[in-house]
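Engineer: okay, sequence plus prediction incoming.
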Amino acid sequence: MDFTTFVLSLGSSAFVHLGEIPNPEGGPASKNLPLAQQTIDILSMLHEKTRGNLDEAEDKLLIGLLYDLRIKYVDARKA
């Protein structure tokens, strides 16, 4: 597993918890906002702790993923 795969795995988990994609275990899409927030926080911490150690593509991936997840999280909280 490389860094990109790890980050995308965490991102997918957050999207599942936001109810954006179906549960990979076969269940329907459902929201679990506390778990979504926890995963977003983990990704944010990872970005902060790896600052200056990522290549440009990895940094852009994390920034973009965090942006998308935060927007979806705010939308999910409003619903």
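Structural biologist: Noted; the coordinates are in hand.

Engineer: which residues of this protein fall in strands?
Structural biologist: Taking DSSP state E, the chain contains no strands at all.

Engineer: which strands and helices lie in contact with the top helix by length along it?
Structural biologist: Taking DSSP state H as the criterion, the chain has its longest helix at helix 56-78. With contacts taken as 3 or more C-beta pairs under 8 Å, 6 or more residues apart in numbering; DSSP states H and E, helix 56-78 sits against helix 3-17, helix 33-49. Glycine gets a C-beta too; all of them are placed from N, C-alpha and C.

Engineer: list the buried residues of the longest one.
Structural biologist: Applying a neighbour-count criterion of 16 or more other C-beta atoms under 10 Å, the buried positions in helix 33-49 are 36-37, 39-40, 43, 46-47.

Engineer: next one: that helix to chain centre, how far?
Structural biologist: In terms of C-alpha atoms, centre = their mean, to the nearest Å, the centre of helix 33-49 is found 7 Å from the chain centre.

Engineer: what's the mean pLDDT across it?
Structural biologist: The average pLDDT within helix 33-49 is 98.

Engineer: again, but for stretch 1-10
Structural biologist: Mean pLDDT, computed over stretch 1-10, is 96.

Engineer: contact partners of that stretch?
Structural biologist: 39, 42-43, 46, 54, 57-58, 61-62, 65 (C-beta atoms under 8 Å, 6 or more residues apart in numbering).

Engineer: buried stuff in that stretch?
Structural biologist: In stretch 1-10, counting by 16+ other C-beta under 10 Å, buried: 3, 7, 10.
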